[in-house]
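Peer 1: My questions concern the predicted model and sequence given below.
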Amino acid sequence: MRSTETTSQPSPVKFAPAATALSYWTKRMYRQRGLSNLLKMGHCAPAVMKTILDLKESKEEWLIRMTAGLPGGIGNTGYECGGITSPLIQFGLEYGLSAEHDGLPIVIQAGHDYDRRFRECHHGVLCKEILGDRRVPFPCIKVARHAPELYRQTDHKDSTEAISGETREAFLLLYSHLSANDFHCAHAVLKQLAGTIPVTRELLDGTSGFIGGTAFNGLTCSALSAGLMAVGLKLGEIETSHLRVMRMLAIMIAGGNAFADHLNKFNRLMNIGHRMAKWFKGEFGSTLCREITQCDFSSLGNVQRYIEKGSVATCKIIAEKVAGQAEKIIKQKGVGF
């Protein structure tokens, strides 16, 4: 059945303090829970989100629906793995845009420290890097099992060196410029959708890390990510069947279309997300922030050129167009898109 599409306010999520050291038995429990959720949900981003929520004893299903379009590397484009995006949402919920003493949001720092841990574990942060040319996504099992413990091991107090030197200076300059122009990539999209989805403090906090192509990494345009999350929040359904996931895997192994809409409740939103990404690429030439802006945000010189060119005006136009497309999809319930 379709999950109830509610316009009520999502209630706040309570967060346990982050732990930087986990025992063998704690890791084992996390990994077992992660595998169990993957086997009944079938996709990385929702399974990782569900496991983190389980460990927090939270039943905030709106967060799972929010990730419905993210599997396969954000709309099945092969970019940021769901083991990256779901924890970043959780960091956002925990820290919002609260900043360190120098003004850099903690969520950016935590996101980069988590990325480092994730890369060491999986030798990449992109879905296509992790999967390679495999037809059956066995590496996703490791992602779902390990992401929750990597999330819990990340504590911003212990990650002060995650961003340093010129990179930190560049991020600070960029964030100061965006703030002065009252612009945040994801928030600009969501606020324009206020009449279509409930734009709460929790939703804005959860998307805080989606700025500058995922925590200033220059990857998937954060306006596009926000648009996909908004569509998932409104139209997403939650898969909870081991049998349906097993059938999907069997079809995948046999070489069939395992991502057909009817085979898994997340498939439909992932496919809508993929079509939305194709639309976005047709409009702007790429789904990657660094290719659209021609800017490496870790370079102080690149950021200065971004500012001098007035590129934030282009980013605002992109956010407006993404919001319009997301609203259209939501009103049509994805039919015909």
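Peer 2: Right, received. Where do you want to start?

Peer 1: which intervals of this structure have sub-threshold pLDDT?
Peer 2: Where the chain drops to pLDDT under 70, the residues are 1-20, 156-160.

Peer 1: now the strands for the stretch 101-250 of the chain?
Peer 2: In the stretch 101-250 of the chain, no strands are defined using DSSP state E, counting those that start in this stretch.

Peer 1: can you map out the helices along it?
Peer 2: 106-122, 127-131, 139-153, 165-180, 185-192, 201-206, 222-235, 242-253 (DSSP state H, counting those that start in this stretch).

Peer 1: Restrict the second one to CA atoms and write it as CSV.
Peer 2: So that's helix 127-131. Extracted C-alpha coordinates of helix 127-131, given in CSV (Å, rounded to 0.1, in the frame of the first residue of the first chain):
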residue,chain,number,x,y,z
CYS,A,127,28.1,4.4,-6.5
LYS,A,128,29.8,3.7,-9.8
GLU,A,129,33.2,3.5,-8.1
ILE,A,130,32.0,1.0,-5.5
LEU,A,131,30.1,-1.2,-7.9
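
Peer 1: can you give me the offset of stretch 250-257 from its chain's centre?
Peer 2: 27 Å (Cα atoms, centre = their mean, to the nearest Å).

Peer 1: How far does that stretch stretch from one end to the other?
Peer 2: From its first residue to its last, stretch 250-257 covers 10 Å (Cα to Cα, to the nearest Å).

Peer 1: who touches that stretch?
Peer 2: Arg135, Val136, Pro137, Ala258, Leu263 (Cβ atoms under 8 Å, 6 or more residues apart in numbering). All C-beta spots, glycine's among them, are computed from the backbone N, C-alpha and C.

Peer 1: sorry, back to before: now tabulate the helices of the stretch 101-250 of the chain in JSON lines and tack on distance to Val312.
Peer 2: Formatted as JSON lines, the helices of the stretch 101-250 of the chain follow (distance: least, Cβ to Cβ, whole Å):
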{"stretch": "helix 106-122", "distance to Val312": "18"}
{"stretch": "helix 127-131", "distance to Val312": "29"}
{"stretch": "helix 139-153", "distance to Val312": "31"}
{"stretch": "helix 165-180", "distance to Val312": "7"}
{"stretch": "helix 185-192", "distance to Val312": "10"}
{"stretch": "helix 201-206", "distance to Val312": "19"}
{"stretch": "helix 222-235", "distance to Val312": "12"}
{"stretch": "helix 242-253", "distance to Val312": "42"}
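
Peer 1: Please identify the most buried of those helices.
Peer 2: helix 222-235 (a mean of 29; mean count of other Cβ atoms under 10 Å).

Peer 1: how far does that one sit from the chain's center?
Peer 2: 10 Å.

Peer 1: How about stretch 183-202?
Peer 2: 15 Å.

Peer 1: Mind listing residues that contact that stretch?
Peer 2: 6-13, 93, 97, 178, 203-204, 207-208, 210-212, 221-223, 225-227, 229-230, 233-234, 312, 315-316, 319-320, 322-324, 326-327, 330-331.

Peer 1: rewinding a little: separate out the buried members of the contacts of stretch 250-257.
Peer 2: Burial by neighbour count, 16 or more other Cβ atoms under 10 Å: within these this picks out Pro137, Ala258, Leu263.

Peer 1: picking up where we left off before, out of the helices of the stretch 101-250 of the chain, nearest to Leu300?
Peer 2: Of all the helices of the stretch 101-250 of the chain, helix 165-180 sits nearest to Leu300, with 4.5 Å by Cβ to Cβ.

Peer 1: got the angle between that closest one and helix 106-122?
Peer 2: Put simply, helix 165-180 runs at 140 degrees to helix 106-122, going by axes from the mean of the first three to the mean of the last three Cα atoms, to 10 degrees.

Peer 1: packing partners for helix 165-180?
Peer 2: Under the contact criterion of 3 or more Cβ pairs under 8 Å, 6 or more residues apart in numbering; DSSP states H and E, helix 165-180 touches helix 300-308.

Peer 1: for the helix it packs on, the distance to its chain's centre please.
Peer 2: 26 Å.

Peer 1: One more: stretch 48-65?
Peer 2: On the basis of Cα atoms, centre = their mean, stretch 48-65 sits 14 Å off its chain's mean C-alpha point.

Peer 1: Also stretch 114-126?
Peer 2: 15 Å.

Peer 1: Quick one: residues in contact with it.
Peer 2: In contact with stretch 114-126 (Cβ under 8 Å, 6+ apart) are residues 73, 78-81, 83-84, 87-88, 91, 129-130, 139, 142-143, 146-147, 150-151, 153-154, 162, 215, 217, 219.

Peer 1: Setting aside sequence neighbours, what's the nearest residue to Phe284?
Peer 2: Ile292 (5.4 Å; Cβ to Cβ, 6 or more residues apart in numbering).

Peer 1: Are we agreed that that neighbour is in a helix?
Peer 2: Yes. Under DSSP: H, G, I helix; E, B strand; the rest coil, Ile292 falls within a helix.

Peer 1: residues touching it, list them.
Peer 2: So Ile292 contacts Cys221, Phe284, Gly285, Ser286, Thr314, Ile318 (Cβ under 8 Å, 6+ apart).

Peer 1: Kind regards, and thank you for your time.
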